[in-house]
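Engineer: Fold the stuff below for me.
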Amino acid sequence: MNNSLMRWLIIIAVGAAIWFMPVPNGVKPQAWHLFAIFVATILGFIVQPAPMGIVAFVAVMFTAIVGVLTPAQVLSGFGNSTIWLIVSAFLFSRAFIKTGLGRRIAYVIMEAIGHRTLNIAYALAISDLIISPATPSVTARSGGIIFPIARSLATAFDSEPNSGPRRMGAYLVQSVTHVSMITSSMFLTSQAGNPLVAALALKALNYQVDWMLWFKMAVVPGVISLLFMPYFLYKIYPPEITETPEAKAIAQKELEKMGPMTMAEKVLAFVFVLSLALWATGQWTNIDATIVGMLGVCIMLVTKVLDWQDVLGEKSAWDTMIWMGSTIALAGFLNTLGFIPWFSKSVSGMFGGLPWTTTLFFILVIYMYSQYAFAGLSAHVTAMFPALATVAIAAGAPPAVTVLSMGFVSSLCGCLTHYASGPSPIFFGAGYTELRPWWIIGFVVSLTHMIIWIGIGSIWWKVLGMW
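Structural biologist: From the prediction side, this is the model:
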């Protein structure tokens, strides 16, 4: 029996076991059966007998064919506006790579401040930050744009995985890895799991998150983290080479190769700034964030920055649309059919008598470190977010603080392992750091995230009047 078939059988067995269990008091049979399908789907995302899109497609088909939901209900997630925001943002990401604007930004910053190894790390961090609002694929952004630059610089200074990894390469890879999780946390559109958090919050908790609210709550802990992380890693995992005057010359040479900004780069830069301005002012203009993203894509298509083949070829966008749309539909009807309120009421007794601040803290700790069991950020969000967020809110935690703090942790937990996020295998696979120090550094970094984002962050949220 091949490995894939064995995984499918495990998923079916778990789903069937839940399906045929006695239905708990207070739960409708329809809701319980949908829960069985949902658990089986999440297990499929974890053990991956096939790509997530296939698992989700099978789940949608099965849910409709057995009559747990109608075809219209089970397909309703694909009409969710958040889905189309993430598709639009993926196309922004393709434009940054296709035009070379992402690389240009990184080399311009490196030319300006890259005379020391620590400065190079900050240059790469600033580059990641600049392009992150329009690149929800952290794999494309950090793995496809930022990492190759860091890797080529390490090679230029004779720092290879098997020869002098600690000269520079190991430090730069660690910095790029952990900075990518911070930038992923700072914007609604900087990581595919963030819009999923927003969509699940609306479906399961009836709480709406917009682009500006996400950024407003993330900006202070995010900026502190970005300023802190490269320096912190520089101290606990220092490079042997600290001065790098040649880096500026390397950046100048690469910029010379690229030549002057092309018209496509200029148009993309304009569209990017325009989109950021419209996302940030949405509360006053009343222009939906998804429409802003679609407007940007339309401008790029009309001006030929992207062509239709680029749209058709953006496989990550359409794959995300399939599994995310399916997940949103299943999770939404778990709430509609009463399962999530029942679950919240049942579990909240575990935290009976505790202040909501204590309850939320324990939930955030559980949420952060449960990532060890997941290969991928989005599967973690799907499995854990709705239930844990509902419990916290039932304990009295403010919806904004609950949803956004868990939303930030949804990306930050990617620091823990070499399989936690999309680009993690790329970073680890470069071979600069062995597994044991990788996990140790990841755990230490996770503690700093909890202190900055939950500790200092909570003070900032208090200033904003969120609790």
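
Engineer: Now do the helix or strand that Gly407 is a member of: which elements does it pack against?
Structural biologist: Using DSSP states H and E, Gly407 maps to helix 399-412. Counting contacts by 3 or more CB pairs under 8 Å, 6 or more residues apart in numbering; DSSP states H and E, helix 399-412 packs against helix 169-186, helix 193-205, helix 211-236, helix 356-369, helix 377-394, helix 435-449, helix 457-463. Placement of C-beta: from N, CA and C, glycine included.

Engineer: After that helix, which helix or strand is next? Please name it.
Structural biologist: helix 424-429.

Engineer: quick one: contacts of stretch 391-405?
Structural biologist: Residues from elsewhere that reach stretch 391-405 (CB atoms under 8 Å, 6 or more residues apart in numbering): 197-198, 201, 205, 207, 209, 213-214, 217-218, 343-345, 347-348, 351, 354-357, 359-360, 363-364, 389, 406, 453-454, 457-458, 461, 466-467.

Engineer: mind listing the helices for the stretch 51-200 of the chain?
Structural biologist: 52-65, 71-74, 81-99, 101-113, 117-131, 138, 147-156, 169-186, 193-205 (DSSP state H, counting those that start in this stretch).

Engineer: Now the second one: buried residues?
Structural biologist: So that's helix 71-74. Gln73, Val74 (16 or more other CB atoms under 10 Å).

Engineer: Convert the C-alpha atoms of that helix to CSV, please.
Structural biologist: Provided in CSV are the C-alpha atoms of helix 71-74 (Å, rounded to 0.1, in the frame of the first residue of the first chain):
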residue,chain,number,x,y,z
PRO,A,71,-24.3,22.8,-3.3
ALA,A,72,-25.0,26.5,-3.0
GLN,A,73,-24.0,26.5,0.7
VAL,A,74,-20.8,24.5,0.2
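
Engineer: on that earlier part again, identify whichever of the helices and strands packed on helix 399-412 lies nearest to Val68.
Structural biologist: For Val68, the closest of the helices and strands packed on helix 399-412 is helix 193-205, at 16.7 Å, according to CB to CB.

Engineer: can you give me the mean pLDDT across the closest one?
Structural biologist: Across helix 193-205, pLDDT averages out at 88.

Engineer: One more: stretch 408-421?
Structural biologist: 91.

Engineer: Would you mind measuring the gap between the ends of it?
Structural biologist: 14 Å (CA to CA, to the nearest Å).

Engineer: roughly how far is that stretch from the heart of the chain?
Structural biologist: Centre-to-centre, stretch 408-421 and its host chain are 8 Å apart (CA atoms, centre = their mean, to the nearest Å).

Engineer: Now it: buried residues?
Structural biologist: Buried residues in stretch 408-421 (16+ other CB under 10 Å): 408-418, 420-421.

Engineer: and of the residues you listed, the nearest to Ile130?
Structural biologist: Closest to Ile130, out of all of the buried residues of stretch 408-421 and judged by CB to CB, is Ser411, at 17.4 Å.

Engineer: who touches that closest one in this structure?
Structural biologist: Ser411 touches Val138, Met181, Ile182, Ser184, Ser185, Gln191, Gly193, Asn194, Leu377, Ser421, counting by CB under 8 Å, 6+ apart.

Engineer: what's the distance between it and Ile149?
Structural biologist: For Ser411, the distance to Ile149 (CB to CB, to the nearest Å) stands at 22 Å.

Engineer: What is the distance between the worst-scoring helix or strand of the chain on mean pLDDT and the centre of its chain?
Structural biologist: In the chain, no helix or strand scores lower on mean pLDDT, DSSP states H and E than helix 339-348, which sits at a mean of 76. Computed by CA atoms, centre = their mean, the chain-centroid distance of helix 339-348 equals 27 Å.

Engineer: relative orientation of that helix and helix 377-394 in degrees?
Structural biologist: Here the directions of helix 339-348 and helix 377-394 differ by 70 degrees (axes from the mean of the first three to the mean of the last three CA atoms, to 10 degrees).

Engineer: What residues of helix 339-348 count as buried?
Structural biologist: Residues Phe339, Ile340, Pro341, Trp342, Phe343, Ser344, Ser348 are the ones in helix 339-348 that count as buried (16+ other CB under 10 Å).

Engineer: these two touch, right, the second one and Pro386?
Structural biologist: Yes - Ile340 sits in contact with Pro386 when judged by CB atoms under 8 Å, with a separation of 6.0 Å.

Engineer: which neighbours do those two share?
Structural biologist: Counting by CB under 8 Å, 6+ apart, the residues touching both Ile340 and Pro386 are Ala204, Leu334.

Engineer: Not counting its neighbours along the chain, what's nearest the residue positioned nearest the centre of the chain?
Structural biologist: Geometric centre of the chain, nearest residue: Gln191, 3.3 Å, by CA atoms, centre = their mean. Closest residue to Gln191 apart from its sequence neighbours, by CB to CB, 6 or more residues apart in numbering: Ser184 at 3.7 Å.

Engineer: Can you give the distance of stretch 166-186 from its chain's centre?
Structural biologist: Offset of stretch 166-186 from its chain centre (CA atoms, centre = their mean): 15 Å.

Engineer: one step back: hey, which of the helices and strands packed on helix 399-412 is tucked in deepest?
Structural biologist: Among the helices and strands packed on helix 399-412, helix 169-186 has the highest mean neighbour count (mean count of other CB atoms under 10 Å), at a mean of 28.

Engineer: Find the residue ranges of this protein scoring beneath the pLDDT cut-off.
Structural biologist: For the chain, the stretches with pLDDT under 70 are 1, 348-349, 352.

Engineer: how many other residues sit next to the closest residue to Ile126 other than its chain neighbours?
Structural biologist: Nearest in space to Ile126, with sequence neighbours left out and distances taken as CB to CB, 6+ apart, is Ile109 at 5.3 Å. By other CB atoms under 10 Å, the residues close to Ile109 number 20.

Engineer: my guess is Ile109 meets Ala125, correct?
Structural biologist: No - Ile109 lies out of contact with Ala125 (CB under 8 Å); the separation is 9.4 Å.

Engineer: Now Arg7: closest residue in space, sequence neighbours ignored.
Structural biologist: Pro49 (3.6 Å).

Engineer: I meant to write Ala156 there.
Structural biologist: Nearest to Ala156 is Ile250, by CB to CB, 6+ apart, at 5.8 Å.

Engineer: okay but the one you found is in contact with Thr155, surely?
Structural biologist: No - Ile250 lies out of contact with Thr155 (CB under 8 Å); the separation is 10.3 Å.

Engineer: And the two? Which one has more around it.
Structural biologist: Neighbours were tallied for Ile250 and for Thr155 using other CB under 10 Å; the higher tally belongs to Ile250 (20 against 12).
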